[in-house]
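Visitor: Quick one, structure for this:
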Amino acid sequence: MYSNKEIWRVTYPILLGLLAQNIINVTDTAFLGHVGEVALGAAAMGGLLYICIYTVAFGFSIGSQILIARRNGEGNYRDVGPVMIQGSMFSFLMAAVLAVTMYVFAGLLIRMLITSDTIYEATYQFFTWRIWGLLFAFLNVMFRAFYIGITNTKVLTMSSVVMALVNVVLDYGLVFGELGLPQMGIRGAALASVIAEASSLIFFFVFTYFKIDLRKYGFRRSFRFDFGMVGRILKISSFTMVQYFLAMAIWFVFFMALERLGQRELAIANIVRSVYVVLLIPVQALATTANTLVSNQIGAGGTDKVMALLHRIAGISFLIMVVCVLFTIIFPNPILSVYTSDSSLVSESIPALYVVCASMLVAALANIYFNGISGTGNTQAALGVEVGVQVFYAIYVVVVGMVLRQPVEICFTTEIIYYVLMLIFSIIYLKKAKWQNKKI
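Guide: Predicted coordinates:
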């Protein structure tokens, strides 16, 4: 079984990569927070709409990652490249279709979701620029799947650092009109993110060409479209695609409810969500590690060691999250002040931040066991767990946010319930279901 050192060897580059990658979210929110509440709210809505579409690619890449990890664990290295090649070709085709479709129907879609004319206009400006990042992001996640699948995760850190640096510099230049660049406001934040994702893709291409043994992994085979291979990937990833899309769509329902409460509430939610996403990075990194190590473990014939592996990773995840939560509770004002200079907005955000801290302690465990289900290759079961939990989540948000119109911190309590249910259902599945002989 994998030792703590081996788990950390795979995890820490993913963690650093996610940290750098999420600087895009943090910097967009931080810069636009100093522009105004409308820009902050619009970036939240436009960004979430973009991520909802992006998760289709992310879900597809997780299916590819599971296949790559299984072949890597089996020692069938030459079968890794074809998964990557065919997956990338299909991903880019999806990106082109979705980008054009969303651009054409952006106005109609956003109008259906947002009631405020002011936030609608700003969201439209942001989204119609941001949407073109899909052309690069859909390929980036395939490279991520490849490197995580073969457990060579250090490159993810380097790629994300490139992306983060480009985004920070261009955010500063394009939002405020500095560094000789035009002042574009909210459109500048969107354009900066698109260019940052393009820079990451260029890095991946260059690194892979010069540093990876292309023959070993079967990259020198035909680049002709293979419907059979794409079908095998989709057999696994179709469930993760729906799963991740639903996960982000529920977030969008959450923000729709808060948008109806007012611009102030939407701004608070966006700030707290940005902190939430950053603090969950260690959990996300360990969850990704759990996914790929479970698949590698099964591929190497170690099915009986899977639960012990998940217990070990979950313990590490919980201890790290305890430290993060304590730090956040002790220093809430400095953390929130990164996003806004409005002291009243900072103070009004603190109660919601405390609720999120409580949810993260449960998430530290729930995400590990849930990703363990996907690692077994039974992505249909993972989707079943996700859908079951999200039905309750959606009902809770609509009742609490739209019907009862409760404050932001009460709305955020749905996160605690969400992760408690996910943890319970995931452990029940792993202990009771027959997943040990799942073939992929």
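Visitor: Check which element follows the lowest-mean-pLDDT helix or strand in the chain along the chain.
Guide: Across the helices and strands of the chain, the lowest-confidence element by mean pLDDT, DSSP states H and E is helix 4-33, at a mean of 69. Following helix 4-33 in sequence order, the next helix or strand is helix 37-74 (DSSP states H and E).
Visitor: pLDDT of that next one, averaged?
Guide: The average pLDDT for helix 37-74 rounds to 81.
Visitor: Repeat that for stretch 139-147.
Guide: Within the predicted structure, the mean pLDDT of stretch 139-147 is 92.
Visitor: now stretch 375-392
Guide: Predicted confidence along stretch 375-392 averages 79 (mean pLDDT).
Visitor: go on, stretch 312-320?
Guide: The predicted model assigns stretch 312-320 a mean pLDDT of 93.
Visitor: what's Phe127 in contact with, if anything?
Guide: With contact taken as C-beta atoms under 8 Å, 6 or more residues apart in numbering, Phe127 is in contact with 46, 49-50, 102, 106, 110, 190. For every residue, glycine as well, the C-beta is placed using N, CA and C.
Visitor: Ile427: which element?
Guide: Mapping Ile427 onto the secondary structure by DSSP H and E places it in helix 413-432.
Visitor: List the residues that contact Val389.
Guide: By C-beta under 8 Å, 6+ apart, the residues touching Val389 are 418, 421-422, 425.
Visitor: Gln183 too?
Guide: 174-177.
Visitor: Quick one: low-confidence residue ranges for this protein.
Guide: By pLDDT under 70, the weakly predicted segments of the chain are 1-2, 12-14, 16-23, 25, 29-30, 33-34, 36, 221-222, 259, 434-440.
Visitor: all helices in the stretch 201-350 of the chain, in order from the N-terminus.
Guide: Using DSSP state H, counting those that start in this stretch, the helices found in the stretch 201-350 of the chain span residues 227-261, 263-279, 281-299, 306-330, 332-337, 343-375.
Visitor: The last one - contacts with which helices or strands?
Guide: Based on contacts counted as 3 or more C-beta pairs under 8 Å, 6 or more residues apart in numbering; DSSP states H and E, the elements that helix 343-375 packs against are helix 37-74, helix 263-279, helix 281-299, helix 306-330, helix 332-337, helix 379-397, helix 408-411, helix 413-432.
Visitor: that older thread, of the contacts of Phe127 - the most surrounded one?
Guide: Among those, the one with the most neighbours (other C-beta atoms under 10 Å) is Gly46, at 28 neighbours.
Visitor: Let me know the distance separating the closest residue to Ile51 other than its chain neighbours from Met94.
Guide: In space, Ile51 comes closest to Met248 once its chain neighbours are excluded; the distance is 5.2 Å by C-beta to C-beta, 6 or more residues apart in numbering. From Met248 across to Met94, the span is 16 Å (C-beta to C-beta, to the nearest Å).
Visitor: ranking the helices of the stretch 201-350 of the chain by burial, who's on top?
Guide: Scoring the helices of the stretch 201-350 of the chain by mean neighbour count under mean count of other C-beta atoms under 10 Å gives helix 281-299 as the most buried, with a mean of 25.
Visitor: Which elements pack onto it?
Guide: On a contact count with 3+ C-beta pairs under 8 Å, 6+ apart, helix 281-299 meets helix 4-33, helix 37-74, helix 134-149, helix 306-330, helix 343-375.
Visitor: now these in a markdown table, with distance to Tyr429?
Guide: Supplementary listing: those in a markdown table, determined by distance: least, C-beta to C-beta, whole Å:
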| stretch | distance to Tyr429 |
| --- | --- |
| helix 4-33 | 22 |
| helix 37-74 | 16 |
| helix 134-149 | 23 |
| helix 306-330 | 12 |
| helix 343-375 | 6 |
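Visitor: Let me know which of these is the nearest to Leu258.
Guide: helix 37-74 (8.8 Å; C-beta to C-beta).
Visitor: Let me know the angle separating the closest one from helix 379-397.
Guide: 160 degrees (axes from the mean of the first three to the mean of the last three C-alpha atoms, to 10 degrees).
Visitor: So which elements touch the next helix or strand after helix 37-74?
Guide: The element immediately downstream of helix 37-74 (helix or strand, assigned by DSSP H and E) is helix 80-113. Taking 3+ C-beta pairs under 8 Å, 6+ apart as contact, the helices and strands that helix 80-113 lies on are helix 37-74, helix 117-130, helix 134-149, helix 227-261.
Visitor: Which one of those helices lies nearest to Arg405?
Guide: helix 227-261 (6.2 Å).
Visitor: orientation of the closest one relative to helix 281-299 in degrees?
Guide: Our comparison of helix 227-261 with helix 281-299, counting by the same axes, to 10 degrees, yields an angle of 160 degrees.
Visitor: what packs against helix 227-261?
Guide: Contacts of helix 227-261 with other secondary structure elements, assessed using 3+ C-beta pairs under 8 Å, 6+ apart, are made with helix 37-74, helix 80-113, helix 263-279, helix 379-397, helix 408-411.
Visitor: The same query, at a cut-off of 6 Å, please.
Guide: Packing contacts for helix 227-261, counted by 3 or more C-beta pairs under 6 Å, 6 or more residues apart in numbering; DSSP states H and E, involve helix 37-74, helix 80-113, helix 263-279, helix 379-397.
Visitor: Tell me which of the ones you listed sits most buried.
Guide: Of all those, helix 37-74 has the most neighbours on average by mean count of other C-beta under 10 Å, namely a mean of 25.
Visitor: what's that one packed up against?
Guide: In terms of contacts (3+ C-beta pairs under 6 Å, 6+ apart), helix 37-74 is packed against helix 4-33, helix 80-113, helix 117-130, helix 134-149, helix 227-261, helix 263-279, helix 281-299.
Visitor: want to try CSV for these, with distance to Tyr354 as columns?
Guide: As requested, the helices and strands packed on helix 37-74 are arranged in CSV below (distance: least, C-beta to C-beta, whole Å):
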stretch, distance to Tyr354
helix 4-33, 19
helix 80-113, 29
helix 117-130, 27
helix 134-149, 33
helix 227-261, 17
helix 263-279, 10
helix 281-299, 18
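Visitor: Understood, closing this out.
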